[in-house]
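**Q** Here you go, sequence then predicted model.
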Protein chains: 2
Amino acid sequence: NAQLNPTTSDLSPPPTDHRTLAQTHNLFVTSPYSPGSPLILPNGAYVFQKLQAFLRAQYPQFGFREVITPIIYKKSLWEKSGHWENYAEDMFSVQGRGATSQIPEADGGEDGEFGLKPMNCPGHCLLFREEIRSYRDLPVRLADFSALHRNEISGALTGLTRVRRFHQDDAHIFCRPDQILAEIEQTLKFVGMVYNTFGLGPYKLLLSTRPKDSFIGTVEEWDRAEEQLTKALNNTRSEWAINECDGAFYGPKIDIILKDSNGKEHQTATIQLDFQLPQRFDLQYQASPEELETGSQTSMDAGLDPALRRPVIVHRAIYGSIERFMALLIEHYAGKYPFWLSPRPAIILSLSSDPNVLEHVSRIQAVLSGLKPQDAPAASLPSSPKPLPLSTIHLPVDVDTSDRPLGKKIAEARVKKYNHIIVVGGKEVERGTMNMQIINQPNEEATVEMMQKILERDLTEKEHS
Amino acid sequence: NAQLNPTTSDLSPPPTDHRTLAQTHNLFVTSPYSPGSPLILPNGAYVFQKLQAFLRAQYPQFGFREVITPIIYKKSLWEKSGHWENYAEDMFSVQGRGATSQIPEADGGEDGEFGLKPMNCPGHCLLFREEIRSYRDLPVRLADFSALHRNEISGALTGLTRVRRFHQDDAHIFCRPDQILAEIEQTLKFVGMVYNTFGLGPYKLLLSTRPKDSFIGTVEEWDRAEEQLTKALNNTRSEWAINECDGAFYGPKIDIILKDSNGKEHQTATIQLDFQLPQRFDLQYQASPEELETGSQTSMDAGLDPALRRPVIVHRAIYGSIERFMALLIEHYAGKYPFWLSPRPAIILSLSSDPNVLEHVSRIQAVLSGLKPQDAPAASLPSSPKPLPLSTIHLPVDVDTSDRPLGKKIAEARVKKYNHIIVVGGKEVERGTMNMQIINQPNEEATVEMMQKILERDLTEKEHS
Ligand SMILES: [Zn+2]
Ligand SMILES: [Zn+2]
């Protein structure tokens, strides 16, 4: 493994591009029929879903509840939200085809034109308005994994990083002005917890403050909000900086800038305050006794009944775009995924084409995949299938029963970076055991424990080294 | 509970409409901004996701792997598949807005027009073509929960049953002609297993055969396929019938017709053979030695290299539209969901506003929700959050700490059909226990067991009766 151009040991080699790794690990493909919308293969979908499931498992402790909202809304919604005008270049429009597009809408809408959603916020505002909210109901925290579409120029499209169709781990927090600090603090903790789980970082937090010229609300309201964000940032242990006057006209924000192993910076998570959408959608809640007593009112509340207030919206995403986050992780792990996230947790290689060996391979695959208890008879398809409980842990365990030499099969399995390589030959059939070569991995202990449980005996040191 | 118009005990009353039940149980709402695309509320999203998770848990045992495919494809794909012409009325077209829509596509496509997908098949055909397939690789089974859009006339839109946006538990099986029987048999078993789990049925299986006039392929090929479907149907224990000449021009199919408690029939699952798409997308695999030996070739293989064959596609969905299936279940259960599916598994009612009682309510909520171990101290928000493992079972346990009379709170909880109603007062705080009223439910045993585990003691008969 001589290197022609050795570099200093301080500089790690630049990570392999995620598109190259995607080929080796069968993660996704692109098609000229869907520029900017990659087709995610089973291995990629497995990683995608584990990322989604991981976040979902955290939502209850942070008080988020998931909703499922439309992909297309009438043009009139996007006019109300301001996107139709301000986001025109980035949006796709949708229309019925054929005769149905000629029929006037029966349900009161005059427009037959729809917008393909670039973000979830307007839909979530509709949901907030569905009930009369009391100050006690706040914060309302709605999460949404919907597909989003933004019309990027085709020349700019790249793998999973510059796409037209993507999914965010999106959420909107509708809260009282006095709840901003607590919500931002919790969100920053959530970010820290997630990035720490994946071993990503260090990251920098960037606060963008009130723009110089055009902004909504008053200077005092911005100062108060920025003060809360500053306090929340000070309470984290992360490095943070100010981007003076770089906030959007509708509110200040915090961006999370991640440095990869190569020093390259990626903007991932974002936490954005919004004083505008609550006004555009006329969102309101019944003020608390304290709010009534102090007569607290902001410029957002102008024109409202004195007993009502407008909530503030916090737009937030922890991964940001799941596709982009996946691209980052693909390069970060370079195929060596932690066991729980790995689309290739294990492969079983046959040492010969002996029918007994092949049957043993199938049996071990079924057991390790979570499809069969250890004492079940071998059979390729269940004759009278029983529903498996939702709690079943399925592992996509592969097999290689080709009649190529074992060395070749092992070499290929290594290139594919299986977490565990299991070789089954005649001896294993006799003994009913497995000969394993375990590639060093996080969570290895848990796996060995699992395999020991399946085999109902301790594995010797030799077997897993 | 006197009835003004008593009916015979044989006839159960017609089920309450799912739209009415959706209001009582906060399942979904509709909006004039998104006709035909309901907004699914947290409770509805919970049921939706459990349905999805249940099917996902079964996929490995039936050999399906999930993919994530685009929502919009270029017009040219839909022209290739035939949908652009034959499905025109039902499809939405998509275009970029503003200046970006004027820029010619850099990636070789001449069309700036897209179609919003009404079905997943063309995308799955692209995936099948990504690799050179051998006869050994078949069947390839791809599953997809993507959002689909079909342009129904707005006057026809109803709740979750007649919609424009929906999700199928869609899958496509790409198999050899000699694998049709086994695949259909497995699929029918899958259907039976799922419908049995929900206590749905009886259902009728309906085989639609070769149309009289226009069909692709030869009469012999249809006969052979229909013979396999007939054999598979005979092997089930369900009632089945023939719908002579009612198949599509591209292949025979089996529909599953479900009878609800009111005798009304619903078409839900479908299994459809397709001899056409494999030709349109030029799908091929390397023939097996047997296929080469017998020189087996069908009209689908015309023009192919003699060593290649075309696969058959089986389109199949077990639930069908998840939205429509949910509507069926909403009426079927009328709010009394089985515990594992219930968006309201338990509610805790406070007997007083004593701070100790309220704290105890919070603690029990956190423990039953799966957020805290039983010995954790009470605190509303985690100060230093730890990631919860993916295997954590979260229950959306509600509380009612309003200062209304207990009778009112219990009555409301009953209307909302919580599986378990737990009352906490001063005595419970002292003893550290719960006073429970458990509504009779399937899976009750599991719940009581769980609660006993949490309380670390046996519940008396009185406590859960
Ligand atoms: Zn937003
Ligand atoms: Zn299909």
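**A** Structure's in. What do you need? Residues are numbered from 1 along each chain as shown, chains lettered A, B, ... in the order given. Ligands and ions are numbered 1, 2, ... in the order given.
**Q** So A:L142 belongs to a helix, correct?
**A** No: using DSSP: H, G, I helix; E, B strand; the rest coil, the assignment for A:L142 is strand, not a helix.
**Q** Contact partners for the closest residue to A:G115 other than its chain neighbours?
**A** Leaving aside its chain neighbours, A:G115 sits nearest to A:W78 (4.4 Å; criterion: Cβ to Cβ, 6 or more residues apart in numbering or on different chains). In this view, the C-beta of every residue, glycine as well, is placed from N, C-alpha and C. For A:W78, the contact set (Cβ atoms under 8 Å, 6 or more residues apart in numbering or on different chains) comprises A:W84, A:Y87, A:M91, A:G115, A:P122.
**Q** and A:W78, that one's in a helix?
**A** Yes: under three-state DSSP, A:W78 falls within a helix.
**Q** can you pull the pLDDT of it?
**A** For A:W78, the pLDDT comes out at 95.
**Q** Among the contacts of A:W78, name the ones in strands.
**A** A:G115 (DSSP state E).
**Q** Mind putting the contacts of A:W78 into a markdown table with neighbour count?
**A** Listed next are the contacts of A:W78 as a markdown table, based on neighbours: other Cβ atoms under 10 Å in any protein chain shown:
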| residue | neighbour count |
| --- | --- |
| A:W84 | 18 |
| A:Y87 | 18 |
| A:M91 | 24 |
| A:G115 | 25 |
| A:P122 | 22 |
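**Q** Can you name the two of the contacts of A:W78 that sit furthest apart?
**A** Longest distance between any two of those is 11.9 Å, between A:M91 and A:P122; criterion Cβ to Cβ.
**Q** how close does A:L349 sit to B:H172?
**A** 30 Å (Cβ to Cβ, to the nearest Å).
**Q** More neighbours: which of those two?
**A** B:H172 (28 against 25; other Cβ atoms under 10 Å in any protein chain shown).
**Q** which strand residues sit across from that one in the sheet?
**A** Beta-bridge pairing for B:H172 (DSSP bridges): B:L142, B:H315.
**Q** For A:D260, give me its contacts.
**A** A:P15, A:H266, A:L328, A:E331, A:H332.
**Q** Check which residues of the helix or strand the second one falls within are buried.
**A** Looking back up the chat, that one is A:H266. For A:H266, the element it lies in under DSSP states H and E is strand A:265-274. Buried residues in strand A:265-274, defined by neighbour count with 16 or more other Cβ atoms under 10 Å in any protein chain shown: A:H266, A:T268, A:A269, A:T270, A:I271, A:Q272, A:L273, A:D274.
**Q** wait, the last one sits on A:P311?
**A** It refers to A:D274. No: A:D274 lies out of contact with A:P311 (Cβ atoms under 8 Å); the separation is 9.9 Å.
**Q** what pairs with the strand holding A:H266, and is each one parallel or antiparallel?
**A** Assessed with DSSP bridges, strand A:265-274 is paired to strand A:253-259 (antiparallel), strand A:312-321 (antiparallel).
**Q** got a list of what the nearest residue to A:Y319 once chain neighbours are set aside touches?
**A** Closest residue to A:Y319 apart from its sequence neighbours, by Cβ to Cβ, 6+ apart: A:F325 at 4.0 Å. A:F325 is in contact with A:L51, A:T268, A:Y319, counting by Cβ under 8 Å, 6+ apart.
**Q** give the contact list for the closest residue to A:E221 other than its chain neighbours.
**A** Distance criterion Cβ to Cβ, 6+ apart; nearest residue to A:E221, sequence neighbours excluded, is A:T298 at 5.4 Å. A:T298 makes contacts with A:P177, A:G217, A:T218, A:E221, A:F275, A:R309, A:R310, as judged by Cβ under 8 Å, 6+ apart.
**Q** between those, which is nearest A:P70?
**A** Distances from A:P70 to the contacts of A:T298, taken by Cβ to Cβ, are shortest for A:R310, at 24.4 Å.
**Q** circling back: select, out of the strands paired with strand A:265-274, the one closest to B:T20.
**A** Proximity to B:T20 (Cβ to Cβ) singles out strand A:312-321 among the strands paired with strand A:265-274, at 31.6 Å.
**Q** and A:K204, what element?
**A** Here A:K204 is assigned to strand A:203-208, by DSSP H and E.
**Q** Show me which residues of that strand are buried.
**A** A:Y203, A:L205, A:L206, A:L207, A:S208.
**Q** before we move on, what about stretch A:74-84?
**A** A:K74, A:K75, A:S76, A:L77, A:W78, A:K80, A:S81, A:H83, A:W84.
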